[in-house]
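Asks: need the 3D shape of this:
(2 chains)
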2 protein chains.
Amino acid sequence: MNRAELFSQIQQKSSFLCVGLDPDLEKIPANLRSEPDPIFSFCKAIIEETADFAVAYKPNIAFFEALGAKGWDTLAKVAEIMPKDVFTIADAKRGDIGNTSKLYAKAFFESMDFDSVTVAPYMGKDSVTPFLEFENKWVILLALTSNIGSLDFQLIEDKTGKPLYQSVLEKSQEWGSPENLMYVVGATRGELIGEVRKSAPEHFFLVPGVGAQGGSLAEVAKYGMNSTCGLLVNSSRGIIYASGEKDFAKVARNEAQKLQMEMKDLLEKYS
Amino acid sequence: MNRAELFSQIQQKSSFLCVGLDPDLEKIPANLRSEPDPIFSFCKAIIEETADFAVAYKPNIAFFEALGAKGWDTLAKVAEIMPKDVFTIADAKRGDIGNTSKLYAKAFFESMDFDSVTVAPYMGKDSVTPFLEFENKWVILLALTSNIGSLDFQLIEDKTGKPLYQSVLEKSQEWGSPENLMYVVGATRGELIGEVRKSAPEHFFLVPGVGAQGGSLAEVAKYGMNSTCGLLVNSSRGIIYASGEKDFAKVARNEAQKLQMEMKDLLEKYS
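Replies: Got it, this is the predicted structure:
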């Protein structure tokens, strides 16, 4: 999916919601556990019920990988049933030397046809560019994450006062464009999203950390939105585990709709 | 495997060789391609023939992941046949927020019983510590990598002139000890290995980049060795693809032995 198509979806659905799929066997409703593939059944139900309100889905690869080969089978099945009109994100945080990154890219872009992969920047250019060589595929590069550990290195300032995450933003814009490169920008600090927006006016940001991780959707929109929205705001637990009972998918739908309605207002206000 | 056991293996084998398993269907000998699981047969033969000279094995997870669920099955089988006296490294370069890192740790430490996982530091403390909570398991944290992209961010100096990789070394020593934390330190710059050794005198370093990537083993030992060796030097392609014919495993054995003999001399000289 290219940028124009993504923006078109955002306009059609009046939403910039990304639903994070973190399927945990210990948290999914008990009635699913007798299914042949409970994780698949869970994801399928969530996707079907929330697709009216979400423009993107983000399976967290660790949750599948923890189940070994069976988990990879499930992941491939989940990737297959994604609606054609949504943007899909393999949240894998990969990154390695060139020939190895190329294999990770093949795994997610060729074997499974995801639109994008989250990538860690520490190893630099040749760890990122192999992902950028696939047509209509995207890198979502970690810039400023929403976890507490983001304070350890991402904010270290260089001699000119530039924090590391800014160096990541600047350098990586030499490798990709707003057409194939997004950034992970945590929602826990509204004003920092504004700083990132100054450095990357046109790029999409994937924003985790709204809800369970503490960020405010209104702040994110205020500081982060641009003329083509430029935001995908993720919610995982707040949607998929809103109910742990048989009604989980319907409740997830309601939660997704609530966020979408808030997003509709914000799109009208800022976009 | 704990640090004392690893050093004991190094002494017994007079070797600090790690064999990197990067099994590529396009590069393995043609005669293996008719096997039910050519990648497994390849890895098994390499391990059997090189185990006299290697103290560690490092499967590169991307090469397995690129094959989907089948690749994960193969990886689990390879992990199972590892000799009990070697140190095993899942070269996965993982790292995510706490609850997600915990799942990656479970995948590699519980489902598959690897001794260690390579981890990327960009997301900070809570992305690393979940891996350190497993007894007798190790994090091998990226500090200074051997690829060209390492120049992009790892050498950025802060206001006091300290490069990022040094901040990673210092900060992470608050999270783990030489008993459960190693560092990836590229071999392409001998003098830099000396710098890293000053900051982490007791930790083991996993050193890629000897051979195909251009580093010199003698330089690595000169600058990097400590009183308990403190080095695992990796060779992948130089061993596993030394021959593309039926004799590949025997030729791999010879290449591993050549390195081990050089290592024996270096251990006597510096350790």
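
Asks: all contacts plus neighbour counts: C-alpha atoms, from now on.
Replies: Noted.

Asks: show the average pLDDT along stretch A:219-231.
Replies: The pLDDT scores in stretch A:219-231 average 96.

Asks: wait, stretch A:116-129
Replies: Stretch A:116-129 shows a mean pLDDT of 98.

Asks: now swap in stretch A:176-194 and tell me
Replies: Mean predicted confidence for stretch A:176-194 is 91.

Asks: over to the closest residue to A:Lys70 other than its chain neighbours. Which of the three states is it?
Replies: In this structure, A:Lys70 finds its nearest non-sequential neighbour in B:Ala69, 6.7 Å apart by Cα to Cα, 6 or more residues apart in numbering or on different chains. Three-state assignment for B:Ala69 (DSSP: H, G, I helix; E, B strand; the rest coil): helix.

Asks: for the stretch 101-250 of chain A, what lies in contact range of chain B?
Replies: A:101, A:103-104, A:106-107, A:111, A:120-127, A:145, A:147-154, A:156-161, A:164, A:167-168, A:171 (Cα under 8 Å from any Cα of the partner chain).

Asks: need the contact list for the residue nearest to A:Lys70.
Replies: B:Ala69 sits next to A:Gly68, A:Ala69, A:Lys70, A:Gly71, A:Trp72, A:Asp73 when contact means Cα atoms under 8 Å, 6 or more residues apart in numbering or on different chains.

Asks: name the next helix or strand downstream of whichever strand or helix holds A:Ile10, please.
Replies: Using DSSP states H and E, A:Ile10 falls within helix A:3-13. Per DSSP H and E, helix A:3-13 leads on to strand A:17-21 as the next helix or strand towards the C-terminus.

Asks: pairing partners for that following strand, with directions?
Replies: The pairing partners recorded for strand A:17-21 under DSSP bridges are strand A:56-59 (parallel), strand A:231-235 (parallel).

Asks: for the lowest-mean-pLDDT helix or strand in chain A, packing partners?
Replies: Least confident helix or strand, chain A: helix A:190-199 with a mean of 91, by mean pLDDT, DSSP states H and E. Judged by 3 or more Cα pairs under 8 Å, 6 or more residues apart in numbering or on different chains; DSSP states H and E, helix A:190-199 is in contact with helix A:164-172, helix A:217-224.

Asks: how about CSV for these, with distance to B:Arg94 added?
Replies: Below are these laid out as CSV (distance: least, Cα to Cα, whole Å):
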stretch, distance to B:Arg94
helix A:164-172, 19
helix A:217-224, 28
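
Asks: just to revisit the earlier point, angle of the least confident helix or strand of chain A against helix A:164-172?
Replies: Relative orientation of helix A:190-199 versus helix A:164-172 (axes from the mean of the first three to the mean of the last three Cα atoms, to 10 degrees): 20 degrees.

Asks: ok so, going back, list the buried ones in the helix holding A:Ile10?
Replies: Residues A:Arg3, A:Leu6, A:Phe7, A:Gln9, A:Ile10, A:Gln11, A:Lys13 are the ones in helix A:3-13 that count as buried (16 or more other Cα atoms under 10 Å in any protein chain shown).

Asks: just checking, what packs against it?
Replies: Packed against helix A:3-13, as judged by 3+ Cα pairs under 8 Å, 6+ apart, are no other helices or strands.

Asks: who's in contact with it?
Replies: Here helix A:3-13 makes contact (Cα under 8 Å, 6+ apart) with A:16, A:52-55, A:85-87, A:178-180, A:228-229.

Asks: closest one of these to chain B?
Replies: Closest to chain B out of the contacts of helix A:3-13 is A:Asn180 (19.4 Å), distances taken as Cα to the nearest Cα.

Asks: skipping adjacent residues, who's closest to that closest one in space?
Replies: In this structure, A:Asn180 finds its nearest non-sequential neighbour in A:Trp138, 4.5 Å apart by Cα to Cα, 6+ apart.

Asks: hmm, that neighbour is touching A:Leu181, no?
Replies: Yes. At 5.6 Å, A:Trp138 counts as touching A:Leu181 under the criterion of Cα atoms under 8 Å.

Asks: who has more neighbours, the two?
Replies: A:Trp138 (29 against 22; other Cα atoms under 10 Å in any protein chain shown).

Asks: how near is the more buried one to A:Asn99?
Replies: 18 Å (Cα to Cα, to the nearest Å).

Asks: contacting residues for A:Val210?
Replies: Per Cα under 8 Å, 6+ apart, neighbours of A:Val210: A:Ala187, A:Thr188, A:Ser216, A:Leu217, A:Val233, A:Asn234, A:Ser235.

Asks: one more time with 7 Å
Replies: A:Ala187, A:Ser216, A:Leu217, A:Asn234, A:Ser235 (Cα atoms under 7 Å, 6 or more residues apart in numbering or on different chains).

Asks: please tell me the pLDDT value assigned to it.
Replies: 78.

Asks: now it, which residues is it bridged with?
Replies: Residues in beta-bridge contact with A:Val210 (DSSP bridges): A:Gly215.

Asks: give me the neighbour count for A:Pro130.
Replies: A:Pro130: 22 surrounding residues under other Cα under 10 Å.

Asks: enumerate every residue touching A:Pro208.
Replies: A:Ser146, A:Gly186, A:Ala187, A:Val233, A:Asn234, A:Ser235.

Asks: let me redo that: A:Ile193
Replies: A:Ile193 makes contact with A:Val185, A:Val220, A:Tyr223, A:Gly224, according to Cα under 7 Å, 6+ apart.

Asks: could you rerun that using 8 Å?
Replies: A:Val185, A:Gly186, A:Ala187, A:Val220, A:Tyr223, A:Gly224.

Asks: about what we covered before: out of the contacts of helix A:3-13, which is nearest to B:Lys258?
Replies: A:Asn180 (45.5 Å; Cα to Cα).

Asks: tell me, how many residues neighbour that closest one?
Replies: Count around A:Asn180 with other Cα under 10 Å applied: 24.

Asks: please tell me how far it sits from A:Arg3.
Replies: Counting by Cα to Cα, the gap from A:Asn180 to A:Arg3 is 8 Å.

Asks: pretty sure A:Asp91 contacts A:Ile61?
Replies: Yes. If you go by Cα under 8 Å, A:Asp91 and A:Ile61 touch, sitting 5.8 Å apart.

Asks: for the most far-flung residue of chain A relative to its centre, grab phi and psi.
Replies: Going by Cα atoms, centre = their mean, the residue of chain A most distant from its centre is A:Lys159, 32.1 Å out. A:Lys159 adopts backbone torsions of phi -60, psi -30, taken as degrees, to the nearest 10.

Asks: one more: A:Thr88?
Replies: The phi/psi pair for A:Thr88 (degrees, to the nearest 10) is phi -110, psi 140.
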